[in-house]
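Q: Provided below are the primary sequence and the corresponding predicted coordinates.
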Amino acid sequence: MEDLIMQMRKLGQLEVSPIGMGCMGFSHGYGKVPEAAVAIKAIQGAHDYGCTFFDTAETYGREQFYPGHNEQLVGQAIKSFRKEVVLASKIHISTEEYQADHDLYRTIKRHLLHSLENLQTDYLDLYYLHRYNEEIGMAPVAEVMGKLIDEGLIRAWGVSQVGLDLLKTAHEITPVSAVQNLYNMVERSCESEIIPYCLQEGIGLVPFSPIASGLLSGKITQSTKFEGDDVRKFVPQLQAENLAANQPIVDLLDRFSTSKHATKAQIALAWMLKKYPNVVPIPGSKNPQRIIENLGAWKVELTDAEFKDLDDSLNQLKIYGHRGFEESQQHSFSNNWRS
């Protein structure tokens, strides 16, 4: 644990392990989910390994179960060590609910209190706005989040899938601790504006899909089938023609994984940890062994020379089938594009 403490990272003033755990897959998004007991044991196993950052959302579970299913699983799993971890959840506010309520503070607080009940806790460490709703605006949400911080119901707040203008608007009203955006080796739009601003302002970047929905693990092939409630059916990079075209990226990772005695996924995660000190990826998996493997990436140290070789080589490769920030923004909560 002493080595881990040396690696702790900051999301605003929150201290977290260098890699967190995305818990969505236990309720939604990657096909058939495991039994609850298996999910709970996997989350507890991640904590035993040293993970102190767990991510969920109020909406996770509504496809196969009901909204709040994932929060309830996470709450059950972490209740014995709640004070030792940073717990994050997310709120989605529909236009219809907002128009019916006419009181954004009351609306958001109602959502928050329900999440706290699901999570068996009396506060959240990090509360994200899951997706921006232009019918409501960013400034009013930021003002409410400030009030909830003052009340002690949340320690910090964050935004998800936003561009620089929205982030600035939010941060100037109530300082933002974390931005949860799509970021990985093949989706790098955050590097142009979001990451520099976050570095300047002391904001953490929490990449979802840091292994590109499995592409960077090298385990997905053209024969891999995604069935049922599986968001990977809609990821452009995982379409057969793009899998073949993106094989040079997997081959590049394979070269480094062999020399470092690590997996390709670990190299992909180690690359972003080396590149930016404020990045805390949250890979998601249902497989307990894979969860520990992903967390183990914080032990994979790329030398400056290795990182330069990897980064320079990556920059020379063309990416096929971008999912991209703009495309993600265009998909509403009524479809399968969720983090």
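A: Here it is on my side, so go on. Numbers count the residues shown, from 1 in each chain.
Q: let me see the ranges of the strands in the chain.
A: Taking DSSP state E, the strands of the chain run over residues 9-11, 14-16, 21-22, 53-55, 86-91, 124-129, 154-160, 178-180, 204-205.
Q: looking at those strands, which is nearest to residue 279?
A: Smallest distance to residue 279 across these (C-beta to C-beta): 5.0 Å, for strand 204-205. No exception for glycine: its C-beta is placed from N, CA and C like everyone else's.
Q: contacts for that closest one next, please.
A: Applying C-beta atoms under 8 Å, 6 or more residues apart in numbering, the contact partners of strand 204-205 are 9-12, 14, 16, 177-179, 181, 183, 190, 194-195, 198, 276, 278-280.
Q: if we use 7 Å, what do you get?
A: 9-12, 177-179, 181, 183, 190, 194-195, 198, 276, 278-280 (C-beta atoms under 7 Å, 6 or more residues apart in numbering).
Q: and if you look at stretch 14-21?
A: Residues external to stretch 14-21 that are found in contact with it (C-beta under 7 Å, 6+ apart): 4, 7-9, 43, 46, 50-55, 86, 125-126, 155-156, 177, 269, 273, 280-282, 291, 294-295, 297-298.
Q: buried ones in that stretch?
A: For stretch 14-21, a neighbour-count test (16 or more other C-beta atoms under 10 Å) marks 14, 16-21 as buried.
Q: could you do stretch 155-164 as well?
A: 155-163.
Q: which residues make contact with stretch 260-268 from outside it?
A: The contact list for stretch 260-268 (C-beta under 7 Å, 6+ apart) reads 184-185, 210-211, 216-218, 250, 253-254, 256-257, 293-294, 296-297, 300.
Q: gap between residue 287 and residue 240?
A: Noted for residue 287: a distance of 24 Å to residue 240, by C-beta to C-beta, to the nearest Å.
Q: of the two, which one has the most company?
A: residue 287 (14 against 11; other C-beta atoms under 10 Å).
Q: any idea how far the more buried one is from residue 128?
A: Going from residue 287 to residue 128 by C-beta to C-beta gives 25 Å.
Q: same question for residue 275.
A: Distance, residue 275 to residue 128, by C-beta to C-beta: 23 Å.
Q: of these two, who's got more company?
A: residue 128 (27 against 14).
Q: wait, what's in contact with the more buried one?
A: Residue 128 neighbours (C-beta under 7 Å, 6+ apart): 88, 90, 158-160, 180.
Q: again with residue 310
A: 256, 271, 302.
Q: tell me the pLDDT at it?
A: With respect to pLDDT, residue 310 scores 98.
Q: how many residues are close by residue 198?
A: 24.
Q: not counting its neighbours along the chain, what's nearest residue 217?
A: Distance criterion C-beta to C-beta, 6 or more residues apart in numbering; nearest residue to residue 217, sequence neighbours excluded, is residue 265 at 4.3 Å.
Q: quick check: that neighbour vs residue 259, distance?
A: To residue 259, residue 265 is 16 Å away according to C-beta to C-beta.
Q: hang on, the earlier thing: out of the buried residues of stretch 155-164, which is nearest to residue 232?
A: Of these, the one sitting nearest to residue 232 (C-beta to C-beta) turns out to be residue 161, at 18.1 Å.
Q: wait, that closest one sits on residue 131?
A: Yes - using C-beta atoms under 7 Å, residue 161 makes contact with residue 131 at a distance of 6.0 Å.
Q: who's in contact with the closest residue to residue 140 other than its chain neighbours?
A: Of all residues not flanking residue 140 in the chain, residue 104 sits nearest, at 5.2 Å (C-beta to C-beta, 6+ apart). Contacts for residue 104 (C-beta under 7 Å, 6+ apart) come out as 98, 136, 140, 144.
Q: relative to residue 98, how far out is residue 104?
A: In this view, residue 104 and residue 98 are 7 Å apart by C-beta to C-beta.
Q: what do the two both touch?
A: Listed contacts common to residue 104 and residue 98 are residue 136; contacts here mean C-beta under 7 Å, 6+ apart.
Q: the residue most central in space within the chain bridge partners, please.
A: Compute the mean C-alpha point of the chain, and by C-alpha atoms, centre = their mean the closest residue is residue 208, 3.1 Å away. In this structure, residue 208 bridges to residue 182 when assessed by DSSP bridges.
Q: residue 230 now?
A: Under the criterion used (DSSP bridges), residue 230 bridges to residue 30.
Q: just the buried ones from the contacts of stretch 260-268, in ChimeraX syntax?
A: Here is the ChimeraX command that selects the buried residues among these (16+ other C-beta under 10 Å):
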select :184,185,210,211,216,217,218,250,253,256,257,293,294,296,297,300
